[in-house]
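Student: My questions are about this predicted structure, shown below with the sequence.
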Amino acid sequence: MNSGRGKCNMVAATVLAALVSSCSSGEQGIAQPSDSEDVSPDRSVTLAPSSSGSIGTTIDPCELVSAEDIAQYGIFESEAKQLGSARSCFWQRSPEGRQGVSTFSLNVRDRESIDAVKDVGGGLVAGEVNERPAVVAENPSSGSCTVAVKLDETSRIDITITTPPDRDEGSCQFGQDVAYLVEPRLPELP
C-alpha cells in the first residue's frame, strides 16, 4: 500500500474543501476580500477580449499584485518574463531583514483552459475561487503548488507557489491566499 498517495489524496481533499468554503466567520483560513475592499482601478482589469478571442491577452500579470498587497508575507520584488507561451510575473522575497526564500509566479496562459492543467503527482482538485472555476495541482516531490483560475473557455491564470513564505503553511494555502487576492481583479467571466 502506498501511504504517500493516501497522504496526497488527503491534502487534495483538504485543498478542495478550503477552495469551496469561505472564511467569513473570522476563523483562520483562506483570506477573501470583503465586498467593501477597495480594488484600485489601476490594477483592476475590465477590458474586452482582444481580436484573438481570449480575455487573457488583456492581462498584465505584474499589475495584479502589488508589494503592498503581500507586505504581510515580507518584502517581495517582481520581474516580468515570458515563460514559454505564458506571460509571467515572478515574485521573490527580498533577502532584506533575513527573510527566508519565498517565490511565486502569476502565469497568464492565453491558449490553455483549466481543463488543460496537468497532474504533477498530487492529483487535480477542482473547486472555485469566489465562484470562478479553479483547479489545484500539487507537486508532492517539489513541494510546489499551482492554483489555476479560469479566465474564459480558452485561457487561465496560474498562481504557482514554488516556496511559500511560511513553510508550515504550505504552498497550496499560500496559493489560495494569492488566488483570492487576484480573482476580483480579473475580467468578468464571459
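Tutor: Perfect, thanks for sending it. Treat the numbers as computed from the prediction; the structure is a model and nothing was measured.
Student: Grab the most central residue of the chain for me.
Tutor: Taking CA atoms, centre = their mean as the criterion, residue 159 is the residue nearest the geometric centre of the chain, at 2.8 Å.
Student: Show me where the chain has its helices.
Tutor: Across the chain, reading from the start of the chain, the helices by DSSP state H fall at 3-20, 171-182.
Student: ok, residue 178 - contacts?
Tutor: For residue 178, the set of contacting residues under the criterion of CB atoms under 8 Å, 6 or more residues apart in numbering consists of 65, 70, 104, 106, 147, 159, 161. C-beta here means a position set from N, CA and C on the backbone, and glycine is covered the same way.
Student: Show me which pair in these is furthest apart.
Tutor: Maximum pairwise distance among those (CB to CB): 15.1 Å, between 70 and 147.
Student: How many neighbouring residues does residue 158 have?
Tutor: Look at residue 158: counted by other CB atoms under 10 Å, it has 24 neighbours.
Student: Next one: it from residue 60, what distance?
Tutor: Residue 158 sits 15 Å away from residue 60, going by CB to CB, to the nearest Å.
Student: Neighbour count: residue 70 and residue 147, which is higher?
Tutor: Under the criterion of other CB under 10 Å, the comparison of residue 70 against residue 147 puts residue 147 first, with 31 against 21.
Student: hang on, the earlier thing: give me the distance between the residue nearest to the centre of the chain and residue 96.
Tutor: Distance of residue 159 to residue 96, given as CB to CB: 24 Å.
Student: Which parts of this structure are strands?
Tutor: Shown for the chain, the strands assigned by DSSP state E span residues 76-83, 86-93, 103-109, 124-129, 132-139, 144-152, 155-163.
Student: Show me what residue 82 is bridged to.
Tutor: On DSSP bridges, the residues paired with residue 82 through beta bridges are residue 87.
Student: so what pLDDT did it get?
Tutor: Residue 82 is assigned a pLDDT of 89 by the prediction.
Student: Also residue 154?
Tutor: pLDDT, the model's per-residue confidence, is 93 for residue 154.
Student: my read: it touches residue 110, true?
Tutor: Yes. The pair residue 154 and residue 110 passes the contact test of CB atoms under 8 Å, sitting 7.5 Å apart.
Student: Tell me, how many residues neighbour residue 91?
Tutor: Residue 91, neighbours per other CB under 10 Å, totals 22.
Student: can you tell me how far it sits from residue 189?
Tutor: Relative to residue 189, residue 91 is positioned 25 Å away (criterion: CB to CB).
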